[in-house]
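Peer 1: Sequence and predicted structure, then a few things I'm wondering about:
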Amino acid sequence: MAGHVFGRSSAAMPTAVSGEGCYIRDAEGRSYLDGSGGAAVSCLGHSDPDVRAAIHDQLDRIAFAHTGFFTSEAAEGLADLLIANAPEGVEKVYLLSGGSEAVEAAIKLARQYFLETGEPERHRVIARRQSYHGNTLGALAAGGNAWRREKYAPLLVETSHIAPCYEYRLREDGESAEDYGLRAANELEDEIARLGPETVMAFIAEPVVGATAGAVPAVRGYFKRIREICDRHGILLILDEVMCGMGRTGTLFACEQDGISPDIVTVAKGLGAGYMPIGAMLCSGRIFGAIEGGSGSFQHGHTYHGHPLAAAAGHAVLSAILGRELLPQVRQRGEALTDRLQATFGQHPHVGDIRGRGLFRGIELVADRGTKAPFDPELKLHAKVKKAALAEGLICYPAGGTIDGKHGDHILLAPPFIISEDQ
Ligand code: PLP
């Protein structure tokens with residue numbers, strides 16, 4: 001198609017014309033199995049009748065009412081349902097239009113919290129080298145993906161990046177997973193000491209690292225230690241669940257499996273499931289209370305935040321995840337998927353690691369399985385894998401990510417929760 005739309009790829013792309021269940025069809029009539037839900041977005045598959053009906057119903061009543069004047073039944077209903085199922089202590093919801101917006105709002109909320117509580121010197125964010133938090137400037141500054149940051153470096157606010165929790169690469173020989181988790185988490189404490197605890201406002205991390213690393217969960221105990229360190233120094237813990245949240249890992253919030261609650265958590269992709277652009281930032285009652293009892297309101301906002309159509313879609317998606325009991329299905333299908341991946345690729349000379357949780361799985365590709373040496377970035381392996389898979393009718397999400405700051409290749413699989421074992 002010789003159109004005027006430009007996107008992230010200069011290569012010619014097929015035109016998507018329809019979708020049904022786990023399949024997308026293009027203008028040439030070819031069908032593709034959506035093995036990654038785009039980028040871990042389409043958790044209910046395509047053309048879900050309940051979500052479509054909820055959007056139509058909302059559209060027939062009212063599409064938009066500015067949040068400067070009105071709240072809406074759709075937004076209130078979604079927020080209630082999110083909070084009823086949120087981690088302990090998380091009590092308020094701020095609705096946005098996507099993941100980057102949710103992260104920007106989280107960072108600004110953290111800053112305002114410390115202004116309200118009389119600690120204005122707290123302004124620094126600590127993040128991890130293997131992370132992606134969005135493409136807007138604040139979120140990009142927090143992210144650790146060198147390639148995404150490179151061109152815009154002069155525009156990015158200075159952020160500290162510590163090592164990720166990445167067992168396959170960074171656990172030392174003879175070190176237990178538990179010891180490794182504590183060592184990795186303790187890097188946060190070292191960085192806080194280096195910066196001065198009184199200047200640090202937040203630590204941000206993805207519970208299961210998505211786009212930059214290919215579904216890398218932390219080892220058990222890592223996030224518990226992170227929580228302790230944040231509490232000890234009065235620092236807010238922001239968990240970015242934009243990709244791994246909304247049931248993708250088998251629990252509604254990924255952090256439930258780490259046994260911790262965040263101060264702020266962001267969700268997006270699976271919340272709209274691709275039906276509407278939506279994201280959300282959820283925060284603790286303590287943070288909200290400080291602002292409500294202080295200046296009175298969060299000094300932020302976008303024209304489209306809390307959009308009723310998006311909120312209606314989000315409510316229908318969340319109702320489907322919970323009401324159709326898709327979470328146990330994600331766990332069971334996730335086990336089946338990982339068993340198949342292990343049986344098929346477990347001994348492949350160019351597969352270093354197969355990992356993840358629920359229906360969020362990553363395959364790390366290596367040039368040498370023994371030494372774990374990555375492929376040369378110049379090969380652009382991920383682009384070749386993506387093209388080859390598409391030619392076979394499979395959508396997967398290969399990326400040239402980072403191995404603690406350096407190049408690595410992986411394939412991310414994040415199929416719809418409704419996928420069958422055969423598919
Ligand atoms: N945070 C994480 C963990 C993500 O994976 C992404 C997108 O991939 C974002 C934030 C940004 O979300 P969006 O692309 O909706 O702005």
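Peer 2: Cool, the structure landed.
Peer 1: how deep is E28 tucked in, by neighbour count?
Peer 2: 8 (other CB atoms under 10 Å). C-beta: built from backbone N, CA, C; applies to glycine.
Peer 1: typo on my end, it should be G21
Peer 2: 17.
Peer 1: how close does the residue lying closest to it once chain neighbours are set aside sit to the ligand?
Peer 2: In this structure, G21 finds its nearest non-sequential neighbour in G45, 4.7 Å apart by CB to CB, 6 or more residues apart in numbering. Separation of G45 from the ligand (CB to the nearest ligand atom, to the nearest Å) stands at 19 Å.
Peer 1: Repeat that for Y152.
Peer 2: On the measure of CB to the nearest ligand atom, Y152 and the ligand end up 15 Å apart.
Peer 1: pretty sure that residue contacts L137?
Peer 2: Yes - if you go by CB atoms under 8 Å, Y152 and L137 touch, sitting 7.1 Å apart.
Peer 1: what about the residue in the stretch 251-400 of the chain that the ligand sits nearest to, neighbour count?
Peer 2: Nearest residue of the stretch 251-400 of the chain to the ligand, counting by CB to the nearest ligand atom: A268, 4.8 Å away. A268: 29 surrounding residues under other CB under 10 Å.
Peer 1: what does the one 5 residues further on give?
Peer 2: When neighbours are counted by other CB under 10 Å, A273 registers 27.
Peer 1: Quick one: residues contacting it.
Peer 2: V41, S42, C43, L44, D48, V51, A313, V317 (CB atoms under 8 Å, 6 or more residues apart in numbering).
Peer 1: and the residues you listed as TSV, adding secondary structure and neighbour count?
Peer 2: Shown next, in TSV, are the contacts of A273 (DSSP: H, G, I helix; E, B strand; the rest coil; neighbours: other CB atoms under 10 Å):
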residue	secondary structure	neighbour count
V41	coil	22
S42	coil	27
C43	coil	27
L44	coil	23
D48	coil	24
V51	helix	23
A313	helix	27
V317	helix	27
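Peer 1: And P262, how far from I287?
Peer 2: For P262, the distance to I287 equals 11 Å [CB to CB, to the nearest Å].
Peer 1: the more surrounded of those two?
Peer 2: Each of P262 and I287 has its neighbours counted (other CB under 10 Å); P262 has more, 31 against 23.
Peer 1: Now that one. Nearest residue, chain neighbours left out?
Peer 2: Of all residues not flanking P262 in the chain, L239 sits nearest, at 4.1 Å (CB to CB, 6+ apart).
Peer 1: So which helix or strand of this structure has the lowest pLDDT on average?
Peer 2: When the helices and strands of the chain are compared on mean pLDDT, DSSP states H and E, strand 397-403 comes out lowest with a mean of 82.
Peer 1: Which neighbours in the sheet does it have, and how are they oriented?
Peer 2: strand 406-413 (antiparallel) (DSSP bridges).
Peer 1: I'd like the average pLDDT over the strand it pairs with.
Peer 2: Strand 406-413 carries an average pLDDT of 90.
Peer 1: And that strand, how far out from the chain middle?
Peer 2: 16 Å (CA atoms, centre = their mean, to the nearest Å).
Peer 1: same deal with stretch 141-159?
Peer 2: The answer for stretch 141-159 is 18 Å, by CA atoms, centre = their mean.
Peer 1: what comes up buried for the helix or strand where R169 lies?
Peer 2: Secondary structure from DSSP states H and E places R169 in helix 167-170. Burial within helix 167-170, assessed by neighbour count using 16 or more other CB atoms under 10 Å, is assigned to E167, Y168, R169, L170.
Peer 1: any idea which of those residues is closest to A218?
Peer 2: E167 (8.3 Å; CB to CB).
Peer 1: May I have the residues that are in contact with that closest one?
Peer 2: Contacts of E167 (CB under 8 Å, 6+ apart): A177, Y180, V216, V219.
Peer 1: Check L412 too.
Peer 2: Contacts of L412 (CB under 8 Å, 6+ apart): 36, 39-40, 210-211, 214-215, 360-362, 396-399.
Peer 1: for the closest residue to E91 other than its chain neighbours, what are its contacts?
Peer 2: Leaving aside its chain neighbours, E91 sits nearest to G285 (3.9 Å; criterion: CB to CB, 6+ apart). Applying CB under 8 Å, 6+ apart, we find G285 in contact with G89, E91, K92.
Peer 1: still on that earlier bit, just the residues contacting the least confident helix or strand of the chain, thanks.
Peer 2: Contacts for strand 397-403 (CB under 8 Å, 6+ apart): 36, 38-40, 129-130, 144-147, 166, 169, 211-214, 374, 377, 380-383, 385-386, 389, 407-414.
Peer 1: Helix or strand next in line after the helix or strand A280 falls within, which one?
Peer 2: Using DSSP H and E, A280 sits in strand 279-284. Downstream of strand 279-284, the first helix or strand assigned by DSSP H and E is helix 285-292.
Peer 1: number of nearby residues for the residue of the chain found nearest the ligand?
Peer 2: For the chain and the ligand, the shortest gap (CB to the nearest ligand atom) falls at G99, measuring 2.1 Å. With neighbours defined by other CB under 10 Å, the count for G99 comes to 30.
Peer 1: Next, give phi and psi for S31.
Peer 2: With angles defined as degrees, to the nearest 10, S31 sits at phi -110, psi 140.
Peer 1: Now do stretch 346-358: distance to the chain's middle.
Peer 2: Per CA atoms, centre = their mean, the centroid offset for stretch 346-358 relative to its chain is 21 Å.
Peer 1: I meant to write stretch 334-352 there.
Peer 2: Distance of stretch 334-352 from the chain centroid (CA atoms, centre = their mean) equals 23 Å.
Peer 1: Buried residues in that stretch, which are they?
Peer 2: Buried residues in stretch 334-352 (16+ other CB under 10 Å): G334, L337, T338, L341, V351, G352.
Peer 1: Surely the last one is in a helix?
Peer 2: No - under the criterion used here (DSSP: H, G, I helix; E, B strand; the rest coil), G352 is strand, not part of a helix.
Peer 1: Next one, pLDDT for it please.
Peer 2: Reading off the model, G352 has pLDDT 96.
Peer 1: Could you do the third one as well?
Peer 2: In the predicted model, T338 carries a pLDDT score of 97.
Peer 1: so which strand or helix has it?
Peer 2: Short version, using DSSP H and E: T338 is in helix 326-345.
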